[in-house]
Every structure is written in structure tokens, then in C-alpha cells.
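# quick one: sequence plus predicted model below, questions after.
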Amino acid sequence: MKILITGGAGFIGRWVVKLLIANKVNVWILDDLSNGQRSNLDEFKGNPFFKDLIIGDIRNKELIIDIFKIGFQQCIHLAAQINIQESLENPDKAFRVNIEGTFNILNEARKYNTRLILIGTCMVYDIALMSIPINEEYPVKPASPYAASKLAAENLAQAYYYGYNLPVTILRPFNTYGPFQKSNMEGGVVGIFIQRKLNEEILEVFGDGTQTRDLLYVEDCADFIVKSVFSESVNGMVLNAGFGADISINDLALLIAKDPERIVHVEHHHAQSEIKKLICDYSKANKILGWKPKTSLEEGIKITENWLITKDNR
């Protein structure tokens, strides 16, 4: 099998690459390195199943046309503008990358009947009510240009599924964390908090900290994506993946810092785009793919912290 992974040098992408190579799948990667890094892929150099890293932008239509001539059976589409704050400040980029870029991928996938696995986001959903987990039928309510552009990309992909019979699967992982995620303000909350702890800095919590997140360890996320690769029964479907339990940002900060004196609350940059409660119902993925998360939050935090310590000591 030949698979193209857009955004494959990024945080989630490199773990997907690792798992596909372990399954003896031939992998090509397209990444503009705006968020991903060459060093994320160092582990795979010389592996016969790691075919090529192509540096380029999914907005470049001619490049996409040329790449698809390789003849892929599947494309995992991870490349995206992923920063919520950046999308609020520069919505044009979110539109161009997430919608136009996906359109370019879809058009070439249609030519070759390349199955598309589109990685969406839980940020398209409305706020979870009480403790009722969010399933795939839950109302959507994008509260940022990032979320809106990702939802538009999903709708476009579904139009190609229904209108052109292109095999498409849409995956919505919840808040993913773990090794290789950036730990600066471009990264996720878990990595940021752990890095601040290691630097003996104060952990800053936006707003009142009562907002909750369902945190999914990255190797469990990669397993979810790769299980979808090997299952054509999910064509045309939307599937969620999360841990199935949420934690408030206040409790997460305390879990990592171990000391309430090292936690402060600061004004939220864009409070209007904050989702107050996220908790995932992954029962559909469990039923169809046999997938469920294996890594507890405590274990995932420990692995991530050890990785950051090792990384900082190199």
C-alpha cells in the first residue's frame, strides 16, 4: 500500500508515520514545516517503508497534482492551520489552508479514487451538556475561524463522498497530547504546563479554569487513525476519539504542578472562542473499529514529562 500523509512531520503525523511503517506500509509525507519539523522524522531515516518527505504547501495546486501521480491508495489529511488564536487574528490563512488546501487534495484524490481520511477536530462541537459525552450526532457550533474552516473542509469531503462516490472517512480526535507536541504557546495545554513546571515557572490558567478537556494520548490517537486506514467499513462515516472523561484546566494544572501556589489565573485572550466543556463519546469507534484508549492521563503526563526532560538534556 502507498499512503500520502499531509502534515506528516507534525506532532500527530509523526506518530501515524511510525505506526504505518511498523505495519509495513509505504509512506510519503507532504509538509511545509510551518508547524512540523524534519527532526520529528529522524527516527525513520533509512527505513525502506519511509519513501520521501516532500516540502510543500497544500495550497500549491500544481504541487498536489504532481504528487498524486505517484498513485496512492489512501491519503491521510492532517495538514491544517491548527491554532485557534491565530485563526481569530488571521482568518484568511485558516480559510486558505483548511478549505482551499483540502479542496486541492480532494480534487486529486477524485482523479485516482484515492481514499481520503480527513482528520477533523472536536472544536466543531457545541458545549457538552452536564456530563453527557459528545457523540457524532451532537450539534456543531464552530466558535472560531479555525473550527469553522475545519467543519467546512469536512462538509466538502462529504460532498465528494456523496456526489462523486469518493471513499472518505472523517475522524475527530479530541484534545491530543504527548511527546513531540510543542510545549510553547503553539502547543497544547498539557505540554505547556509540564514545560513550565520543569522550568520552575508559574502555570498560567486562562479564565477561571473551570473549562474542561477530554485529553487523548497521542499514541492512542495514532492507533485510532491507523485502525481507520485498515477498515473500509468506515467509509462515509464521522468518528470521534477521546479518553471518555474530562478534566478541568484547574485540576489539570494541579495534577501537573502538585502545588497550588505555582498556579495563577490570567485573562483569556479570546474568551468568546472557549468551549467550556468537552467530553467524548467514542462508542462508535469502539463498536466499528474495536478501538479504545489505553493510556491514562496520569501515565500520559508521566511519559510526556520524561520525554521533555530527555529532550531538554540533549
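Structure's in. What do you need?
# quick one: low-confidence residue ranges for the stretch 51-200 of the chain.
Within the stretch 51-200 of the chain, the ranges that satisfy pLDDT under 70 run 130, 184-187.
# repeat the analysis, applying 80 as the threshold.
Scanning the stretch 51-200 of the chain for pLDDT under 80 picks out 129-131, 183-187.
# where exactly do the helices run in it?
Taking DSSP state H, counting those that start in this stretch, the helices of the stretch 51-200 of the chain run over residues 61-67, 84-89, 91-95, 101-112, 145-164, 189-198.
# name the residues that touch the last one?
Looking back up the chat, that one is helix 189-198. 175, 177-178, 181-185, 202-204, 213, 215, 249, 252-253, 256-257, 262, 300-301, 304-305, 308-309, 312 (C-beta atoms under 8 Å, 6 or more residues apart in numbering). Glycine gets a C-beta too; all of them are placed from N, C-alpha and C.
# re earlier: quick one, which of the helices of the stretch 51-200 of the chain is nearest to residue 222?
For residue 222, the closest of the helices of the stretch 51-200 of the chain is helix 189-198, at 16.3 Å, according to C-beta to C-beta.
# can you give me the buried ones in that closest one?
In terms of neighbour count (16 or more other C-beta atoms under 10 Å), helix 189-198 has its buried residues at 189-197.
# mind putting these in TSV, distance to residue 62 included?
Listed next are the buried residues of helix 189-198 as TSV, based on distance: C-beta to C-beta, whole Å:
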residue	distance to residue 62
189	38
190	39
191	36
192	38
193	42
194	42
195	39
196	43
197	46
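# pretty sure residue 51 contacts residue 30?
No: the criterion here is C-beta atoms under 8 Å, and residue 51 misses it with residue 30 at 11.6 Å.
# nearest to residue 208, out of the helices of the stretch 51-200 of the chain?
Of all the helices of the stretch 51-200 of the chain, helix 189-198 sits nearest to residue 208, with 14.9 Å by C-beta to C-beta.
# run through the residues that contact the nearest residue to residue 146 once chain neighbours are set aside.
What sits nearest to residue 146 in space, not counting adjacent residues and going by C-beta to C-beta, 6 or more residues apart in numbering, is residue 87, at 3.7 Å. Going by C-beta under 8 Å, 6+ apart, residue 87 touches 81, 93-94, 144-146, 149.
# hang on, the earlier thing: any idea which of the helices of the stretch 51-200 of the chain gets closest to residue 55?
In terms of C-beta to C-beta, the element of these nearest to residue 55 is helix 61-67, at 9.8 Å.
# give me the number of residues near residue 61?
For residue 61, the count of nearby residues is 15 (other C-beta atoms under 10 Å).
# again with residue 169
The burial count for residue 169: 25, using other C-beta under 10 Å.
# so what's it bridging to?
Residue 169 forms beta bridges with residue 117, as assigned by DSSP bridges.
# go ahead and confirm it touches residue 136.
No: with contact defined as C-beta under 8 Å, residue 169 does not reach residue 136; the gap is 11.9 Å.
# what do these two both touch?
Joint contacts of residue 169 and residue 136 (C-beta under 8 Å, 6+ apart) are 237, 239.
# distance to residue 132 added to the helices of the stretch 51-200 of the chain, as a markdown table?
Formatted as a markdown table, the helices of the stretch 51-200 of the chain follow (distance: least, C-beta to C-beta, whole Å):
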| stretch | distance to residue 132 |
| --- | --- |
| helix 61-67 | 40 |
| helix 84-89 | 24 |
| helix 91-95 | 29 |
| helix 101-112 | 30 |
| helix 145-164 | 20 |
| helix 189-198 | 23 |
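# so which of these gets nearest residue 284?
helix 145-164 (15.7 Å).
# check which helices and strands the closest one is in contact with.
In terms of contacts (3 or more C-beta pairs under 8 Å, 6 or more residues apart in numbering; DSSP states H and E), helix 145-164 is packed against helix 84-89, helix 91-95, helix 101-112, strand 115-119, strand 168-173.
# which of the ones you listed sits closest to residue 243?
Short answer: strand 168-173, nearest of the helices and strands packed on helix 145-164 by C-beta to C-beta, at 10.5 Å.
# residues contacting that closest one, please?
12, 115-122, 124, 136, 154, 157-158, 160-161, 216, 221, 224-225, 228, 234-242.
# would residue 205 count as being in a strand?
Yes: assessed with DSSP: H, G, I helix; E, B strand; the rest coil, residue 205 lies in a strand.
# need the contact list for it.
Counted by C-beta under 8 Å, 6+ apart, residue 205 has contacts 249-250, 253, 263-266.
# about what we covered before: out of residue 51 and residue 30, which sits in the more crowded spot?
Neighbour count, other C-beta under 10 Å: between residue 51 and residue 30, residue 30 has more, with 27 against 15.
# residue 26 touches residue 2, doesn't it?
Yes: with contact defined as C-beta under 8 Å, residue 26 reaches residue 2; the gap is 4.9 Å.
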